[in-house]
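Enquirer: attaching a predicted model along with its sequence, questions to come.
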Amino acid sequence: MKLFNLSSRPAEPVPAAEQNNQSKPADQIRIPDPFPNSTRESSDSTQDSTDAARMLFAAASEPFLIHCQVERQYSTESLGKMRECLRSWLLPRFGSFAVADLRPVHILAFRAAMAARNLSVARQYSLLMTLKLFLKFCRTVLEIDCLDPASIRLPKRTAPKVEYLTNTEIQALRECIDSSRISGVRMRALFETLLATGMRISEALSLNRDSIDPSTKQTAIVGKGGKKRTVFFSDDALRWIAKYVERRSDLNPALFVTYGANPKRLSRGDVPRFLKALAHSAGIQKHVTPHLLRHTFCTNLRNNGADISLIKELAGHQEIQTTARYYLGTDTEVLKQAVGRYLDYSAPKAEEPAAAPSTS
């Protein structure tokens with residue numbers, strides 16, 4: 001085998017067990033035995049070590065995904081991205097390798113293959129991060145003596161350009177919402193909720209009518225990765241939520257619902273088209289999405305002096321590095337204001353001479 005053969009290998013078929021598990025809830029997923037040929041009745045640790053040493057990368061991939069789902073509680077989107085990374089690149093290249101046989105030179109060849117295909121830095125980062133998480137799982141859960149994931153260096157990503165709405169644009173959007181119709185009242189309530197709380201759209205749509213404590217103006221939610229946090233509602237958000245609930249005649253407990261005789265909880269796919277039409281009406285060229293409103297929440301806090309650690313907690317980020325990557329950088333106008341406020345090279349004021357003692 002040529003180690004640096006950069007030609008792409010055909011993707012390996014997805015194991016039947018994985019296909020069966022994909023549509024099942026967590027409590028019905030069958031976890032395959034990673035060492036099917038070992039004698040489990042035996043207490044001989046040498047047998048287990050031998051099994052681990054010969055376990056193939058492909059055989060460990062499904063238990064890895066199940067671990068990410070049920071133990072790490074990754075979101076559906078994150079699991080989908082990792083599954084795609086495995087199928088498109090990692091399994092075709094490493095699927096037939098014994099996990100314990102992976103060496104730094106194989107990772108080097110993998111990097112060379114990605115470079116030859118002109119993959120973006122972001123794409124390379126995703127693939128290598130998935131590989132690192134996989135190796136960590138193999139070492140800590142399957143107890144395979146394999147390559148240390150810490151030895152795999154991730155490519156340096158440039159700080160993302162965060163787009164957000166200005167206060168003027170927010171007001172323009174508010175003025176274009178037709179609050180004479182229940183659809184407009186619903187949109188205004190959701191719009192104010194997202195701006196006030198910084199919630200992800202899935203978090204906002206998971207709210208029920210009785211979720212919010214009106215006395216404290218807050219509620220507890222479970223966000224990405226099972227992380228619990230408290231979010232706080234503005235008076236405007238609560239006022240529009242109350243107006244929306246008053247206009248409804250259904251008994252659905254969900255806070256935001258569809259129209260019709262039998263309304264359902266509003267889904268995340270329903271919202272972007274409303275925001276797109278709203279932005280068009282307001283003459284805003286930015287791609288207005290629920291996530292843009294989340295960026296607006298965090299950026300507004302940052303520009304008004306909130307500490308990055310507080311923004312992390314309010315946004316529900318798992319790691320402060322995520323918050324810092326998006327919001328630690330400051331825009332030009334804020335930097336200019338900081339220079340005007342804090343930079344001072346003026347000469348120190350001369351001390352006034354002490355008053356002469358009184359002779360009277």
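Expert: Everything's here; your move. The model shown is predicted, which means the values in this text are computed figures rather than measured ones.
Enquirer: in the longest helix belonging to the chain, what counts as buried?
Expert: For the chain, the longest helix by residue count, based on DSSP state H, is helix 121-140. Going by neighbour count (16 or more other C-beta atoms under 10 Å), the buried part of helix 121-140 is 123-124, 126-135, 137-139. Quick note: C-beta positions are derived from backbone N, CA and C, even for glycine.
Enquirer: element containing the residue lying closest to Ser234 once chain neighbours are set aside?
Expert: Setting aside the residues directly before and after it, Ser234 is nearest to Ala196 in space (C-beta to C-beta, 6 or more residues apart in numbering), at 4.0 Å. Using DSSP states H and E, Ala196 falls within helix 182-197.
Enquirer: which residues are in contact with that helix?
Expert: By C-beta atoms under 8 Å, 6 or more residues apart in numbering, the surrounding residues in contact with helix 182-197 are 170, 173-174, 177-179, 199, 201, 204, 207, 231-234, 236-237, 240-241, 243-244, 247-248, 256, 259, 271, 274, 278, 290, 293-294, 296-297.
Enquirer: which among these count as buried?
Expert: Using 16+ other C-beta under 10 Å, the buried members of the contacts of helix 182-197 are 170, 173-174, 177, 179, 199, 201, 204, 207, 231, 233, 236-237, 240-241, 244, 256, 271, 274, 278, 290, 293-294, 296-297.
Enquirer: could you tell me which of those are located in helices?
Expert: Per DSSP H, these map to helices at 170, 173-174, 201, 204, 236-237, 240-241, 244, 271, 274, 278, 290, 293-294, 296-297.
Enquirer: if I look at Ile201, how far off is His291?
Expert: Distance from Ile201 to His291, counting by C-beta to C-beta, to the nearest Å: 7 Å.
Enquirer: sorry, wrong one. I was asking about Pro214.
Expert: Pro214 is 28 Å from His291, by C-beta to C-beta.
Enquirer: of those two, who's got more company?
Expert: His291 (14 against 10; other C-beta atoms under 10 Å).
Enquirer: who are the contact partners of that one?
Expert: Residues near His291 by C-beta under 8 Å, 6+ apart: 200-201.
Enquirer: where does it land on pLDDT?
Expert: According to the prediction, His291 has pLDDT 94.
Enquirer: equivalent analysis for Ser75, please.
Expert: 78.
Enquirer: then Phe35?
Expert: pLDDT, Phe35: 51.
Enquirer: again, but for the one 10 residues further on
Expert: In the predicted model, Ser45 carries a pLDDT score of 51.
Enquirer: and Pro10, by the same measure?
Expert: 41.
Enquirer: again, but for Leu6
Expert: 37.
Enquirer: with Asn304 instead?
Expert: The per-residue pLDDT reported for Asn304 equals 88.
Enquirer: I'd say Val288 and His280 touch.
Expert: No - checked against C-beta atoms under 8 Å, the pair Val288 and His280 is beyond contact range at 9.1 Å.
Enquirer: so the two - more neighbours on which side?
Expert: Between Val288 and His280, counted using other C-beta under 10 Å, Val288 has the larger neighbour count: 24 against 12.
Enquirer: give me the pLDDT value at the closest residue to the more buried one other than its chain neighbours.
Expert: With sequence-adjacent residues excluded and distances taken as C-beta to C-beta, 6+ apart, Val288 is closest to Ala279, at 3.9 Å. At Ala279, the predicted lDDT confidence score is 96.
Enquirer: what about the stretch 151-300 of the chain, any weak spots by pLDDT?
Expert: Applying pLDDT under 70 to the stretch 151-300 of the chain flags no residue at all.
Enquirer: please repeat the previous calculation with a cut-off of 80.
Expert: Applying pLDDT under 80 to the stretch 151-300 of the chain flags residues 158-160, 225-226.
Enquirer: would you map out the domains in this structure?
Expert: 16-151, 167-339 (automatic domain parsing).
Enquirer: can you add distance to Ser346 and give the ones you listed back as CSV?
Expert: Below are these laid out as CSV (distance: least, C-beta to C-beta, whole Å):
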stretch, distance to Ser346
domain 16-151, 45
domain 167-339, 14
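Enquirer: the host helix or strand of His280 vs helix 182-197, what angle?
Expert: Element membership for His280 (DSSP H and E) is helix 271-282. Angle, helix 271-282 to helix 182-197, by axes from the mean of the first three to the mean of the last three C-alpha atoms, to 10 degrees: 100 degrees.
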